[in-house]
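Chemist: any chance you could fold what I've pasted below:
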Amino acid sequence: MTLDRQQIVAEAVALLDAEGLDGVTTRKLAARLGVRSPTLYWHVPNKAALVTAVADAILEQEFGEMSAPEPDQHWRDWLSGLAERLRRALLAHPDGARVVSASQLSLKMAAISELAMSTLVTRGVALRQARVIVLTVERFTVGHVLEEQAPRPDPEALKGFDMTTFTAQHPTVMAAVTEYFQPGRTVDDLFRDCLEVVIEGAAVKAGAGLSPGERSTPG
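Modeler: Numbering: from 1, shown residues only. As a prediction, this is how the structure comes out:
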């Protein structure tokens, strides 16, 4: 069987979808492709290179096309949309956030960062601030999805857990959870609300680096 890197990465993504990141091994991947493990090393020299290739592949599915904001679109709204696309890309695959956070020198992630930072700089944000803002938004998004994709407590772990006592000891936490997740409100809303706090705070801090037109733009 003649293999190429694209086939290997596509099968690795399929293996990720079937078994999660821990199941993505060169042995299992080779077996799915019907070859011996050393054959893979002609295309991906080690597990780290494979994980990075998978990260690029799952990001490419959402970010095949990227563009700067329209002239009348505020960079905050555009950056928020970019973060939502990143979250969708990560949630599209089991352990997607783990894959991207474990990747080394992901070219697609670098391209996303380049576009985001250059966009902010073009809109008048100082380079240092642009880098901090973009990194904060990216890392918040990956971290948020890491928690979303983390395994839930199994029944065995919950044995003996006293919810009544927990509620009594943490009344504000429980009240806040109950109040927030009113009917119709979802974890998507929670992500957007948290993201808004991150970006709005960044915008205030970067205010001195914005042009007069940007400072006066509402939202």
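
Chemist: chain neighbours aside, what residue packs nearest to His21?
Modeler: You called it His, but residue 21 is Leu. Nearest in space to Leu21, with sequence neighbours left out and distances taken as C-beta to C-beta, 6 or more residues apart in numbering, is Asp95 at 3.9 Å. In this view, the C-beta of every residue, glycine as well, is placed from N, C-alpha and C.

Chemist: next, count neighbours for the one you found.
Modeler: Counted with other C-beta atoms under 10 Å, residues neighbouring Asp95 total 23.

Chemist: check what pLDDT it gets.
Modeler: In this model, Asp95 is scored at 97, pLDDT.

Chemist: with Ser211 instead?
Modeler: At Ser211, pLDDT is 47.

Chemist: go on, Asp56?
Modeler: So, for Asp56, pLDDT stands at 97.

Chemist: what about the residue positioned nearest the centre of the chain, which helix or strand?
Modeler: In the chain, the centroid-proximal residue (C-alpha atoms, centre = their mean) is Val142; its distance is 3.6 Å. Element membership for Val142 (DSSP states H and E) is helix 127-149.

Chemist: could you export whichever strand or helix holds Val197 as CSV, keeping only the C-alpha atoms?
Modeler: Secondary structure assignment for Val197, by DSSP H and E: helix 187-205. Only the C-alpha atoms of helix 187-205 are listed here, as CSV (Å, rounded to 0.1, in the frame of the first residue of the first chain):
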residue,chain,number,x,y,z
VAL,A,187,-23.1,26.3,27.8
ASP,A,188,-22.8,28.2,24.5
ASP,A,189,-24.2,31.3,26.3
LEU,A,190,-21.7,30.8,29.1
PHE,A,191,-18.8,30.7,26.8
ARG,A,192,-19.9,33.9,25.0
ASP,A,193,-20.5,35.7,28.3
CYS,A,194,-17.1,34.8,29.6
LEU,A,195,-15.5,35.6,26.3
GLU,A,196,-17.1,39.0,26.4
VAL,A,197,-15.6,39.8,29.8
VAL,A,198,-12.2,38.8,28.5
ILE,A,199,-12.4,40.9,25.3
GLU,A,200,-14.0,43.9,26.9
GLY,A,201,-11.4,44.0,29.6
ALA,A,202,-8.7,43.7,26.9
ALA,A,203,-10.3,46.5,25.0
VAL,A,204,-10.3,48.8,28.0
LYS,A,205,-6.7,48.1,28.7
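
Chemist: quick one: work out the angle between that helix and helix 127-149.
Modeler: 160 degrees (axes from the mean of the first three to the mean of the last three C-alpha atoms, to 10 degrees).

Chemist: what is helix 187-205 packed up against?
Modeler: The elements that helix 187-205 packs onto, with contact taken as 3 or more C-beta pairs under 8 Å, 6 or more residues apart in numbering; DSSP states H and E, are helix 75-91, helix 127-149.
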